[in-house]
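A.B. asks: sequence first, then the predicted structure:
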Amino acid sequence: DMMQFELIRMGSLSLNGAEATFTKTNITVGIHVRQSFEGLLSAIKRNYADKRYPVQTQQALVFKIRQAESYCSTHKNYDSFNRLYFITHYIKPVYKYFVQLHHSDLFPYTPVNYAIDLKSDKVFERGFFNLNYFSVQAVDTNGNELQAELGNFLFFDPILSGNNQRACASCHKPDMAFSDGLQKGRGFINDSSLTRNTPSLLNTIFQKHFFYDGRARQLEQQANDVLHNQREMNSSIDEMIAKLNQSEEYKHLFKKCYEGTVDTVISYYGILKAIAEYEKTLISMNSRFDKYIKGDYKQLNAREINGYTIFSGKALCGSCHFFPLFNSLVPPVYNDTEYEVIGVPVHSGSKTIDKDEGRMVVSKSYIHQYAFKSPTVRNIALTAPYMHNGIYKELDDVIKFYNDGGGQGLGINIPHQTLPFDSLQLNKNEISDLKAFMLSLTDTTGLTGKPARLPKFNDEKLNRRKIGGTY
């Protein structure tokens, strides 16, 4: 377990600027780690000398470890180190051999609900994550697929709103990676705005905190906050349940989804659970970048590969957007969320910080003033405008903001900014390559569909409601 976790840490943190950011000794440290692997493996083998030991697997593993060490010894420049080549040609093969060794009867798996599936050799791929780790443990897990189907209806059904005109999909549009393309979310009262930009829901399952300030700890809680919010859906528990009970089809769906549980009638928990189960299906890990990670090396060109080197090295993006999810959930244990103070101004070109104090409203700690959860970089091509207040319309504007040193670089006084204060000194070619890499993370495969229809009601007026809402 320990050595598999260490490989994940190396690929996700050490090679991505989250460790030794200024000393840049990551490559040297990596050599020492691999030497430690070999020593540990040798000691383990001696302990099992009298038993049936997978000698050939260990020999192949040690040989690959030595190859990795040799590669690092001849490529010591941290800024130019080809991370993608090393991850695909060394870390992934070494990890695969560890899994084969771990499968031996000599080494039973630790019975812990880890965020990663240690039995899978698909490291850094979709099958690498243990979805059960990110879910609420409940007695109704056997009906999750049916609940997701019900949640799909509820997500696109404006019946949950106070005026039967707004749905979850009103602000989370499938063709925009489940964001909305607006600077700030549209309010319940038409022509009004919410206080923050609408984030993508793709890969939302891979989080431990929700909203920019992290105030919700579960998807169900996130949905609850939205449904109750007068500025968003403006509804109530009693009103939602009363309306859904006017539909024989919805009553049948709830009974079928929660069959075998204590309560199969329409309930508020059932609504939240179904929406959450649907959102958990919105997994986007089939981009060109992901295909490259799987071994299809024709998917990325030289500029995009170099762009990832810049992203995880000189530009320091990888120190907050952790590979392979590229969000703020910290590997390799994935139980902690990072919040960053980057000094976003009130509007583009301003030298005044936005008044939204972010995480501090939740934590009540000054260190979190103006701190926000780093959103995923995946599907960034589809989720403009950017930042929690949506002030940057173009990805080039975002890159410039970081390259100039964040808020402090603009002249805003933020003593606890978590970005470097001076320029990253990226040249035009580096900026172009960095952007090219980020665009390679686009993937909405199979995730843009809407229900063909909504469940029927006895009231013909309700049957005229629009899939996805009207605004």
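C.D. replies: Cool, the structure landed. Bear in mind the structure is a predicted one, so any value in this text is a computation, not a measurement.

A.B. asks: skipping adjacent residues, who's closest to K119 in space?
C.D. replies: Nearest residue to K119, sequence neighbours excluded (CB to CB, 6 or more residues apart in numbering): Y109, at 6.4 Å. For glycine as for every other residue, the C-beta is placed from the backbone atoms N, C-alpha and C.

A.B. asks: cool, and S423?
C.D. replies: G405 (5.5 Å).

A.B. asks: what residues are up against the one you found?
C.D. replies: L419, P420, F421, D422, S423, L424 (CB atoms under 8 Å, 6 or more residues apart in numbering).

A.B. asks: the third one belongs to a strand, doesn't it?
C.D. replies: No. Secondary structure assignment (DSSP: H, G, I helix; E, B strand; the rest coil) places F421 in coil, not in a strand.

A.B. asks: what separation do you get for it and G407?
C.D. replies: As for F421, its distance to G407 is 9 Å (criterion: CB to CB, to the nearest Å).

A.B. asks: assign the residue nearest to K119 to helix, strand or coil.
C.D. replies: Per three-state DSSP, Y109 ends up coil.

A.B. asks: surely it touches D1?
C.D. replies: Yes. Taking contacts as CB atoms under 8 Å, Y109 lies within contact range of D1: 7.5 Å.

A.B. asks: find residues that contact each of those two.
C.D. replies: Joint contacts of Y109 and D1 (CB under 8 Å, 6+ apart) are H102, L118.

A.B. asks: burial count for L131?
C.D. replies: 16 (other CB atoms under 10 Å).

A.B. asks: with F63 instead?
C.D. replies: F63: 12 neighbours (other CB under 10 Å).

A.B. asks: the helix or strand where it lies packs against which elements?
C.D. replies: Using DSSP states H and E, F63 sits in helix 55-74. On a contact count with 3 or more CB pairs under 8 Å, 6 or more residues apart in numbering; DSSP states H and E, helix 55-74 meets helix 26-47, helix 83-86, helix 92-102.

A.B. asks: grab the nearest non-local neighbour of L253.
C.D. replies: L150 (5.0 Å).

A.B. asks: and what of V136?
C.D. replies: Using CB to CB, 6+ apart, the nearest residue to V136 is Q218, at 5.7 Å.

A.B. asks: cool, N306 as well?
C.D. replies: D433 (4.7 Å).

A.B. asks: could you measure from the one you found over to S135?
C.D. replies: 37 Å.

A.B. asks: likewise F37?
C.D. replies: For F37, the distance to S135 - CB to CB - is 33 Å.

A.B. asks: low pLDDT regions in the stretch 151-300 of the chain?
C.D. replies: Counting by pLDDT under 70, the stretch 151-300 of the chain contains no low-confidence segment.

A.B. asks: now do the strands in it.
C.D. replies: Counting by DSSP state E, counting those that start in this stretch, the stretch 151-300 of the chain has no strands at all.

A.B. asks: show me where it has helices.
C.D. replies: 168-171, 219-228, 237-244, 248-257, 268-279, 288-293 (DSSP state H, counting those that start in this stretch).

A.B. asks: export those helices to JSON lines and append columns for mean neighbour count.
C.D. replies: Shown next, in JSON lines, are the helices of the stretch 151-300 of the chain (neighbours: other CB atoms under 10 Å):
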{"stretch": "helix 168-171", "mean neighbour count": "24"}
{"stretch": "helix 219-228", "mean neighbour count": "20"}
{"stretch": "helix 237-244", "mean neighbour count": "16"}
{"stretch": "helix 248-257", "mean neighbour count": "17"}
{"stretch": "helix 268-279", "mean neighbour count": "23"}
{"stretch": "helix 288-293", "mean neighbour count": "21"}
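
A.B. asks: returning to what we had before: worst average pLDDT in the helices and strands packed on helix 55-74?
C.D. replies: Lowest mean pLDDT of the helices and strands packed on helix 55-74: helix 26-47, a mean of 92.

A.B. asks: list the buried residues in that one.
C.D. replies: N26, I27, G30, I31, V33, R34, F37, L41 (16 or more other CB atoms under 10 Å).

A.B. asks: let me know whether the fourth one touches S73 as I believe.
C.D. replies: Going back to what we said before, that points to I31. Yes. At 6.5 Å, I31 counts as touching S73 under the criterion of CB under 8 Å.

A.B. asks: do you know the pLDDT at S14?
C.D. replies: On the pLDDT scale, S14 gets 94.

A.B. asks: rewinding a little: now the residue nearest to S423: how far from T23?
C.D. replies: Taken as CB to CB, the span from G405 to T23 is 21 Å.

A.B. asks: what subset of the contacts of G405 is buried?
C.D. replies: Using 16+ other CB under 10 Å as the burial test, those include L419, L424 as buried.

A.B. asks: save the contacts of G405 as a markdown table, and put in distance to G295 too.
C.D. replies: Shown next, in a markdown table, are those (distance: CB to CB, whole Å):
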| residue | distance to G295 |
| --- | --- |
| L419 | 35 |
| P420 | 35 |
| F421 | 40 |
| D422 | 39 |
| S423 | 37 |
| L424 | 32 |
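
A.B. asks: re the thing from before, phi, psi for the residue nearest to N306 please.
C.D. replies: When read as degrees, to the nearest 10, the backbone of D433 gives phi -70, psi -40.

A.B. asks: now swap in C317 and tell me
C.D. replies: Dihedral angles (degrees, to the nearest 10) for C317: phi -60, psi -40.

A.B. asks: tell me, how many residues neighbour the residue nearest to it when sequence neighbours are not counted?
C.D. replies: Leaving aside its sequence neighbours, C317 sits nearest to F311 (CB to CB, 6+ apart; 4.5 Å). Number of residues near F311 (other CB under 10 Å) recorded here: 24.

A.B. asks: quick one: contacts for F311?
C.D. replies: C317, G318, L434, F437, M438.

A.B. asks: distance of it from L84?
C.D. replies: Taking CB to CB, one finds F311 at 10 Å from L84.

A.B. asks: and for F254?
C.D. replies: Counting by CB to CB, the gap from F254 to L84 is 47 Å.

A.B. asks: over to P324?
C.D. replies: The gap separating P324 from L84 is 11 Å, by CB to CB.

A.B. asks: mutual contacts of the two, please.
C.D. replies: I293.

A.B. asks: one step back: wait, what's in contact with the residue nearest to K119?
C.D. replies: By CB under 8 Å, 6+ apart, the contact list for Y109 reads D1, H102, L118, K119.

A.B. asks: same deal with M285?
C.D. replies: So M285 contacts E125, R126, N203, P324, D443 (CB under 8 Å, 6+ apart).

A.B. asks: isn't G318 right up against A18?
C.D. replies: Yes. Counting by CB under 8 Å, G318 does reach A18; the two are 6.8 Å apart.

A.B. asks: ok so, going back, okay, the buried residues of helix 26-47 in a markdown table with distance to I353 next?
C.D. replies: Listed next are the buried residues of helix 26-47 as a markdown table, based on distance: CB to CB, whole Å:
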| residue | distance to I353 |
| --- | --- |
| N26 | 32 |
| I27 | 37 |
| G30 | 38 |
| I31 | 42 |
| V33 | 40 |
| R34 | 44 |
| F37 | 46 |
| L41 | 52 |
